[in-house]
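**Q** Provided below for reference: sequence and predicted model.
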Amino acid sequence: MDKEIRLFKKISFILFLGLVVFLPLAVRAEETPTMALEEAKFAIDQARKAGAEQKAYDDLSAAKSWLARAEKEYDEGKSFLARMSTDKARKARDEEIIYLATMAKIKGLIAENKAKKETILKDLKDSRKDLADYQSAIAILKKRLEEAEKAREFQAKAEAERKELEEAKRKAVEMEEQKRKELEEAQKRAKELEALRQKELQEARLKEAERAAAREKELAEARMKAEQLATQRAKEEAERKAREEQLAAEREKLAALQKKAEALEREKAMLTDAGKISNVAVKTGEKEIIFTILVINLFTPANELKPQGKEVLDEVGKFLKTHADNKVVIRGHTDSTGTQTVNQTLSEKRAQKVREYLVAYQDIQPTRVTAMGFGPTQPVATNATEAGRALNRRVEIAVIRGE
């Protein structure tokens, strides 16, 4: 900025020297007193239009003074005595009028140049300010886009866990079906074994007379088969109990996944409701959802709540009443301008005012809300620029999740 101003001054000075040195000589050779006066008047009029009366008053006044002297000489040249003078004297008077008018013209051009220069510098300053505001807005937009991307990642994670839950349900159904089939198969085998035993006993009775000597042997074989059957049944019963225990474990896991899915749905609903609040930036932490409100949107220069700020807090209050099971921590932050003590007190005062408003006007339970001040100790942007300081002057409302 300073470099551009110095360059502009050098160019203006060179133009001024050129006008002072060369313009009078050219005018004396080509112009008449009448032409010189008209050009001087035109230059002064252009300077006025450029705003020289406010921005280059001294130069404009000097131009008017030179023009007044030139007009006086011109009027005196029309008198009778002047017309009776010699050609040499009339030529000298004309040259004097041209010189005075030329100086008036030069001063008018200088005044116009200064006025235009000041206008250009002001426009340049305004353009730089607009550029800074635009860059700040771009940075805020980029940050919000990053936060939106994190929200999409969170939603994708929830969708993956939902699919995992559905897969667990499917496996549980398959396991239940497998258990039922195995149980039916065991019952079928038991019936078959019982039918076989009955058949063998019947055959033994029919042949008892013929196989008296072998009866004891057949009974021993029957007892052995019965023991084997009992052993088989005991084994199958143990396997059944093991499958039931495994199924119970899978059911517990399914219940845990359902509970987690319900928690994710509640957090998703909270994020959806939070995203509807205007003039509030929302981000999620590990155990909390944070609403960030810039001080410029909340407080007046006297640190009183604006009507616009109250509207924002009314929307936040509705959110807190909808999700009434969560603790709330209000954190005040400042930029680094001023002393640590003053900034600490100011941050605590702002956080307390937000807490008092939510308790008094939104009926939030006092035991649910805590107010804290951190001064300039937790900046989110650089304090070297006004845009960064504006981002650091904020109030955060943290809604604690899982409590």
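**A** Now that the structure is in, tell me what you want to look at. Residues are numbered from 1 along each chain as shown.
**Q** Helix, strand, or coil at Phe291?
**A** strand (DSSP: H, G, I helix; E, B strand; the rest coil).
**Q** could we number from 46 for the rest of this?
**A** Okay, residue one is now 46; in that scheme the one you just asked about reads as Phe336.
**Q** So what pairs up with it in the strands?
**A** With DSSP bridges as the criterion, Phe336 is bridged to Val327, Ile442.
**Q** Burial check on it, number of neighbours?
**A** 22 (other C-beta atoms under 10 Å). For every residue, glycine as well, the C-beta is placed using N, CA and C.
**Q** Also Lys174?
**A** 11.
**Q** And Gly383, by the same measure?
**A** Neighbour tally, Gly383, other C-beta under 10 Å: 12.
**Q** Ok, Leu112 next?
**A** Neighbours of Leu112 (other C-beta under 10 Å): 22.
**Q** Would you check that it makes contact with Ala146?
**A** Yes - counting by C-beta atoms under 8 Å, Leu112 touches Ala146, with 6.8 Å between them.
**Q** what sits in contact with each of those two?
**A** Leu82, Ala85 (C-beta atoms under 8 Å, 6 or more residues apart in numbering).
**Q** what about stretch 319-333, how long is it end to end?
**A** Chord length of stretch 319-333, first to last residue, is 12 Å (C-alpha to C-alpha, to the nearest Å).
**Q** Could you tell me which residues within that stretch count as buried?
**A** For stretch 319-333, a neighbour-count test (16 or more other C-beta atoms under 10 Å) marks Ala319, Ile322, Val325, Ala326, Val327, Lys328, Thr329, Glu333 as buried.
**Q** Can you lay out those residues as a markdown table showing pLDDT?
**A** Converted to a markdown table, these look like this (pLDDT from 0 to 100):
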| residue | pLDDT |
| --- | --- |
| Ala319 | 75 |
| Ile322 | 86 |
| Val325 | 93 |
| Ala326 | 91 |
| Val327 | 92 |
| Lys328 | 90 |
| Thr329 | 88 |
| Glu333 | 91 |
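**Q** Pick the one among the residues you listed closest to Asn342.
**A** Val325 (8.5 Å; C-beta to C-beta).
**Q** contacting residues for that closest one?
**A** Ala319, Phe336, Thr337, Ile338, Val357, Glu360, Val361.
**Q** Ok, Lys244 next?
**A** Contacts of Lys244 (C-beta under 8 Å, 6+ apart): none.
**Q** how close does it sit to Asp359?
**A** Applying C-beta to C-beta, to the nearest Å, the value for Lys244 to Asp359 is 87 Å.
**Q** Check Thr390 too.
**A** For Thr390 relative to Asp359 (C-beta to C-beta), the value is 27 Å.
**Q** So Glu253, which state does it fall into?
**A** coil.
**Q** Give me the neighbour count for the residue nearest to it when sequence neighbours are not counted.
**A** Leaving out its chain neighbours, the residue that sits closest to Glu253 by C-beta to C-beta, 6 or more residues apart in numbering is Arg260, at 6.0 Å. Neighbour count for Arg260, taken as other C-beta under 10 Å: 15.
**Q** For Arg260, pull up the helix or strand it's in.
**A** helix 257-319 (DSSP states H and E).
**Q** Quick one: residues contacting Ile334.
**A** Glu312, Met315, Leu316, Ala319, Val327, Lys328, Ala443, Val444, Arg446.
**Q** just curious, which of the residues you listed is nearest to His368?
**A** Among the contacts of Ile334, and counting by C-beta to C-beta, the member closest to His368 is Met315, at 5.5 Å.
**Q** pLDDT score assigned to the residue lying closest to Lys298 once chain neighbours are set aside?
**A** Spatial nearest neighbour of Lys298, excluding adjacent residues (C-beta to C-beta, 6+ apart): Ala213 at 6.6 Å. Ala213 carries a pLDDT value of 76.
**Q** Let me see the domain layout of the chain.
**A** 47-182, 202-310, 320-445 (automatic domain parsing).
**Q** for the ones you listed, which one sits closest to Leu190?
**A** domain 320-445 (11.6 Å).
**Q** need the helices for the protein, in chain order.
**A** For the chain, the helices defined by DSSP state H cover 47-75, 78-94, 97-100, 102-122, 125-128, 132-251, 257-319, 340-343, 352-367, 385-407, 431-437.
**Q** Relative to Arg413, which of the ones you listed is closest?
**A** Of the helices of the chain, nearest to Arg413 by C-beta to C-beta is helix 352-367, at 8.1 Å.
**Q** picking that back up, turn the contacts of Val325 into JSON lines, including distance to Ala275.
**A** Shown next, in JSON lines, are those (distance: C-beta to C-beta, whole Å):
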{"residue": "Ala319", "distance to Ala275": "66"}
{"residue": "Phe336", "distance to Ala275": "70"}
{"residue": "Thr337", "distance to Ala275": "73"}
{"residue": "Ile338", "distance to Ala275": "76"}
{"residue": "Val357", "distance to Ala275": "77"}
{"residue": "Glu360", "distance to Ala275": "73"}
{"residue": "Val361", "distance to Ala275": "72"}
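**Q** Near the residue nearest to Lys298, how many residues? Count them for me, please.
**A** Ala213: 17 neighbours (other C-beta under 10 Å).
**Q** show me the contacts for the closest residue to Val373 other than its chain neighbours.
**A** Counting by C-beta to C-beta, 6+ apart, Val414 is the residue found nearest to Val373 once chain neighbours are left out, at 4.7 Å. Listed by C-beta under 8 Å, 6+ apart, the contact partners of Val414 are Val373, Val374, Ile375, Arg400, Leu403, Val404.
**Q** if we go to 7 Å?
**A** Val373, Ile375, Arg400, Leu403, Val404 (C-beta atoms under 7 Å, 6 or more residues apart in numbering).
**Q** Let me know the closest of these to Ser106.
**A** Ile375 (61.1 Å).
**Q** got the contact list for that closest one?
**A** Counting by C-beta under 7 Å, 6+ apart, Ile375 has contacts Ala396, Val399, Arg400, Val414, Thr415, Ala416, Met417, Val440, Ile442.
**Q** Now the most centrally placed residue in the chain. Nearest residue, chain neighbours left out?
**A** By C-alpha atoms, centre = their mean, the chain has its centre lying nearest to Arg189, at 3.4 Å. Spatial nearest neighbour of Arg189, chain neighbours left out: Ala326 (6.5 Å); criterion: C-beta to C-beta, 6+ apart.
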